[in-house]
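Asker: attaching a predicted model along with its sequence, questions to come.
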Amino acid sequence: MKLETERLRLEPWWPDDWREFRPIARDPEVMRYITGGLPWTDEQVREFVDRQIRHFDGLGYCLWRLRELTGPSLIGFCGLQPLAGTDEIEIGWWLGREHWGKGYATEAARCALADGFERGGLKRVVAIARPDNAASRRVMVKLGMQYVGDSIHRGISVVKYAIEKAE
């Protein structure tokens, strides 16, 4: 199972993918709005990949690993997962710094949303971000998501956006 866009391939994870994902999760700029810039440990990277494998096996979707169609390297992730501590499904994305500003997050997220609504049978998807993460907020708006409010998630102030399946 994989999804494709004009420029990207969204694929399920394999256990050894944590090694290729590690440089992204250890980049302080990528982690700026996730952990305040603190890099993930190898254990956290492995747990993330293992969790995505479990999500795909159990739900049929996950935060898909991303690759450009023209290259073999992992460039980040984008997709859907349960929003921890809630009964909602969230969409999320991270890209390696060298892939910022190319429209990849929006392109991949549109594909993941469509798959979640069509194949996954989802009715509503949310996204959260730190209030000062302007780039992620722009992606949410480009996806047609609507701002629904501010909240605290895992002790961090976030903004929340949502989109419902078009009937």
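Answerer: Nice, I can see it.
Asker: spell out the residue ranges of the strands in this protein.
Answerer: Assignment of strands within the chain using DSSP state E yields the ranges 3-4, 8-11, 63-68, 74-82, 89-95, 124-129, 146-153, 156-164.
Asker: what average pLDDT does the third one get?
Answerer: If you average the pLDDT over strand 63-68, you get 98.
Asker: relative to residue 23, tell me which of the strands of the chain wins on proximity.
Answerer: Smallest distance to residue 23 across those (C-beta to C-beta): 9.1 Å, for strand 74-82. All C-beta atoms are positioned from the backbone trio N, CA, C, and that covers glycine.
Asker: okay, now the sheet partners of that closest one, with direction.
Answerer: strand 63-68 (antiparallel), strand 89-95 (antiparallel) (DSSP bridges).
Asker: could I get the ones you listed as CSV with mean neighbour count and distance to residue 138?
Answerer: Shown next, in CSV, are those (neighbours: other C-beta atoms under 10 Å; distance: least, C-beta to C-beta, whole Å):
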stretch, mean neighbour count, distance to residue 138
strand 63-68, 23, 18
strand 89-95, 21, 12
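Asker: looking at this protein, which helix is longest?
Answerer: Ranked by residue count and defined by DSSP state H, the top helix of the chain is helix 42-59.
Asker: contacting residues for residue 60?
Answerer: Residues in contact with residue 60 (C-beta atoms under 8 Å, 6 or more residues apart in numbering) are 119, 120.
Asker: do you know the pLDDT at it?
Answerer: 94.
Asker: from residue 133, how far off is it?
Answerer: Look at residue 60 and residue 133: by C-beta to C-beta, to the nearest Å, they are 28 Å apart.
Asker: what of residue 140?
Answerer: 10 Å.
Asker: now residue 123
Answerer: Distance of residue 123 to residue 133, given as C-beta to C-beta: 26 Å.
Asker: so these two - more neighbours on which side?
Answerer: Set residue 123 next to residue 133 and count neighbours by other C-beta atoms under 10 Å: residue 133 wins out with 17 against 11.
Asker: where does the more buried one fall, phi/psi-wise?
Answerer: Residue 133 adopts backbone torsions of phi -90, psi 80, taken as degrees, to the nearest 10.
Asker: mind checking how far the residue lying closest to it once chain neighbours are set aside is from residue 15?
Answerer: Excluding its sequence neighbours, the residue lying closest to residue 133 (C-beta to C-beta, 6 or more residues apart in numbering) is residue 33, at 4.3 Å. Using C-beta to C-beta, residue 33 is found at 27 Å from residue 15.
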